[in-house]
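Novice: Got a predicted structure plus its sequence, pasted below:
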Amino acid sequence: MKKAIVIIGPTASGKTKYAINLAKELDGEIINFDSLQIYKDLKILTAHPSEEDQNLIKHKLFGYRNYNEKTDAASWARLAAAAINETFAEKKIPILTGGTGFYINTLINGISYLPQISEENRTKAIELSKTNYEQLCSIVYQNSESLKEIITRDKHRQMIRAYEVLIETGKSILEFFKEPKKKFISNVNFEIHLMKIDRDELYKRIEIRFENMLKNGAIEEVQNLIKKIGENNINNFPIFNAIGAKEILLYLTRSYCLEQMKKLACIRARHYAKRQITWLNHQL
RNA sequence: GGCCAAGUGGCAGAAUGGUUAUGCAGAGGAUUGCAAAUCCUUGUAUAUCGGUUCGAUUCCGGUCUUGGCCU
């Protein structure tokens, strides 16, 4: 069985640096599993590895998507599997680095096949979850009593998914979950390297890093992206979810002063880090 | 020194003579195809002392603090 390394930890915990050192040491290649570093845009704000590092070590799956392209965990996993195999073919060790636990989880554990949901039904599901979540739950439960134990109503995310699948196919999501999970890669042993860091220390690093991003041109970068997509369309582009992007936009439109912008961006980064830590505690 | 107004949790901000909203922050959590997203749970307060009252954060008075005005 071949070995691949997975470096995972909260944002700003030093994964990139650790990965580089490890890649040098083991003669490895770095493969990205960060859902925003896959984009070409906002490289500064999303903390892409430096040009220098990228010249030194081969990096894969960074910046391969345009701002107007959408992805999902499964399509990333497909590409990642190909990238890993390619790395093995080069007789090197794949080192996966990133912060999107959901993505790496999909790759390692596979995912149940679920049919494509139409845009229409997807919107419908989201709407209903916002206006009348109770109703959404009861429709899902009505269809399948056994779901009550598996997807309790506090599992909001899964609940909406179950509803989507129901209105799209008329079938319970459980029927799809029953099938064996689709694996993207086999015969690979994933060795997990968890970045551990003290919470206070992490929060400090978040602030310093954001400060540096601003110095390195994060504001201009956001400005350029806004020119391309338009101020009113930011919600249609996942790349604009990058921490700091909305805050910088509000700074540019003078809704925030500099200090507010910095503060709110860092708060959002802390929330994100916290969610990552929660994920790591239970999911992997 | 005099007059007026205001004092609610870490911050913002409602309401009420008798179960003390809400938002943000903080803390914890969920998450099988949008995940840097989305969602859930949660502690802590009525400046202070006295009075009226069955009962006061709410009404009355003193004190303190803050802001404004006046001399």
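Specialist: Here it is on my side, so go on.

Novice: Check the offset of the helix or strand where A:Asp200 lies from the chain's centre.
Specialist: Applying DSSP states H and E as the criterion places A:Asp200 in helix A:199-215. Taking Cα atoms, centre = their mean, to the nearest Å, one finds the center of helix A:199-215 at 20 Å from the center of the full chain.

Novice: Point out the other helices and strands that it packs with.
Specialist: Helix A:199-215 is packed against helix A:258-282, with contacts defined by 3 or more Cβ pairs under 8 Å, 6 or more residues apart in numbering; DSSP states H and E. Glycine gets a C-beta too; all of them are placed from N, C-alpha and C.

Novice: pretty sure A:Leu147 is touching A:Ile173, no?
Specialist: Yes. With contact defined as Cβ atoms under 8 Å, A:Leu147 reaches A:Ile173; the gap is 7.5 Å.

Novice: Of the two, which one has the most company?
Specialist: Higher neighbour count among A:Leu147 and A:Ile173: A:Ile173, with 24 against 21, using other Cβ atoms under 10 Å.

Novice: returning to that earlier point: shared neighbours, A:Leu147 and A:Ile173?
Specialist: Shared contacts of A:Leu147 and A:Ile173 (Cβ atoms under 8 Å, 6 or more residues apart in numbering): A:Ala162.

Novice: re earlier: if we look at the helix holding A:Asp200, which residues are touching it?
Specialist: A:10-14, A:44-45, A:47, A:197, A:244, A:262, A:265-266, A:269-270, A:273.

Novice: again, 6 Å this time
Specialist: For helix A:199-215, contacts defined as Cβ atoms under 6 Å, 6 or more residues apart in numbering pick out A:Ala12, A:Ile44, A:Leu45, A:Ala265, A:Cys266, A:Ala269, A:Arg270, A:Ala273.

Novice: Which one of these is nearest to RNA strand B?
Specialist: Among the contacts of helix A:199-215, A:Arg270 lies closest to RNA strand B (Cβ to the nearest atom of the strand), at 4.6 Å.

Novice: show me what contacts that closest one?
Specialist: Contacts of A:Arg270 (Cβ under 6 Å, 6+ apart): A:Tyr203.

Novice: buried sites along the helix or strand bottoming out on mean pLDDT in chain A?
Specialist: None of the helices or strands of chain A scores lower by mean pLDDT, DSSP states H and E than helix A:147-150, at a mean of 84. The neighbour-count check on helix A:147-150 (16 or more other Cβ atoms under 10 Å) flags A:Leu147 as buried.
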